[in-house]
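Novice: starting from these lines, generate the structure:
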Amino acid sequence: MKVSIITLFPEMFEGPFSSSIIKRAIDKKLIEINFVNLRKFGLGSHKTVDDTPYGGGKGMILRVDVLQKAIEAAKDMQLNKREQKIILLSAHGKQFEQKVAGSFSKLKHLILICGHYEGFDERVKRFIDAEISVGDFILTGGEIPAMLITDAVSRLVSGVIKDDSATFESFSPYLEYPQYTKPQIFNNLKVPEILLSGNHAKINQWRGSESLRVTKKLRPDLIKS
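Specialist: Below you'll find the predicted structure:
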């Protein structure tokens with residue numbers, strides 16, 4: 001799978017993608033991450049990518065003509081709409097969640113467009129497939145959301161994580177059950193006896209009930225009738 005990230009600041013991604021699971025997946029060619037520097041498509045000697053908003057207002061707006069050139073450069077013309085998606089990272093978008101990560105992981109090519117300044121020229125939405133938001137808060141740009149989405153999607157690509165934990169998490173509707181490891185007793189806090197029993201059927205039953213309990217307490221919105 002390939003992820004292309006259209007950004008003004010490709011250097012921001014050097015740390016997150018140069019270590020741990022993502023780095024190993026890149027080295028094994030399970031995923032490919034490509035950075036498209038928006039500045040390369042800027043206008044004039046100063047490579048201008050933005051301009052003042054029509055009608056007045058604060059800040060600068062990313063130009064649609066510059067964005068469209070970058071999108072075209074990022075696209076793989078051999079792929080169809082089912083294999084390749086162009087995603088605008090925007091507060092207007094559908095909220096990113098595990099099901100969305102799962103659907104993205106099945107693509108051959110995912111293109112993420114990072115915003116900056118005061119936003120995008122509205123007309124760029126004619127050249128994308130969807131808008132995605134990572135939450136109801138404001139960031140300085142789309143780079144951190146792009147990192148988050150790339151991480152969540154990459155770990156679901158076949159072979160990136162060896163065991164079945166990623167598959168389990170991608171289809172689980174609830175929060176994960178509590179986990180414990182050594183020491184068995186710490187400051188009079190004990191590991192639940194059921195986990196020491198060796199009865200895997202009962203352990204799985206306990207984990208299921210705990211998952212439901214935790215979800216009801218912390219994220220009741222996830223509970224579906």
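Novice: mind listing what residue 207 touches?
Specialist: residue 177 (CB atoms under 8 Å, 6 or more residues apart in numbering). (Each C-beta comes from the backbone N, C-alpha and C, glycine too.)
Novice: I misspoke; the intended subject was residue 10.
Specialist: Here residue 10 is in contact with 35, 37 (criterion: CB under 8 Å, 6+ apart).
Novice: the same query, at a cut-off of 10 Å, please.
Specialist: Residue 10 makes contact with 34-39, 114, 143 under the criterion CB atoms under 10 Å, 6 or more residues apart in numbering.
Novice: which two among the residues you listed are spaced furthest apart?
Specialist: 34 and 39 (15.7 Å; CB to CB).
Novice: after the top strand by length along the chain, which helix or strand is next?
Specialist: Among the segments of the chain that qualify as a strand by DSSP state E, the longest is strand 84-95. Following strand 84-95 in sequence order, the next helix or strand is helix 98-105 (DSSP states H and E).
Novice: now do the strands in the protein.
Specialist: 2-7, 32-37, 50-51, 61-62, 84-95, 109-113, 130-133, 185-186, 189-190.
Novice: helices and strands around the longest one, which ones?
Specialist: Just to be clear, that refers to strand 84-95. If contacts are counted by 3 or more CB pairs under 10 Å, 6 or more residues apart in numbering; DSSP states H and E, strand 84-95 sits against strand 2-7, helix 64-74, helix 98-105, strand 109-113, strand 130-133, helix 143-154.
Novice: can you do 7 Å?
Specialist: Using 3 or more CB pairs under 7 Å, 6 or more residues apart in numbering; DSSP states H and E, the elements in contact with strand 84-95 are strand 109-113, strand 130-133.
Novice: next, format these as TSV and append distance to residue 14.
Specialist: Output for the helices and strands packed on strand 84-95, formatted as TSV (distance: least, CB to CB, whole Å):
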stretch	distance to residue 14
strand 109-113	17
strand 130-133	23
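Novice: out of the ones you listed, which one sits most buried?
Specialist: Sort the helices and strands packed on strand 84-95 by mean neighbour count, taking mean count of other CB atoms under 10 Å, and strand 109-113 sits at the top with a mean of 24.
Novice: okay, now the sheet partners of that strand, with direction.
Specialist: strand 2-7 (parallel), strand 84-95 (parallel) (DSSP bridges).
Novice: out of these, deepest packed?
Specialist: By mean count of other CB under 10 Å, the strands paired with strand 109-113 have strand 2-7 as the most buried, with a mean of 23.
Novice: apart from its chain neighbours, what residue comes closest to residue 76?
Specialist: residue 109 (5.1 Å; CB to CB, 6 or more residues apart in numbering).
Novice: fine, thanks again, bye for now.
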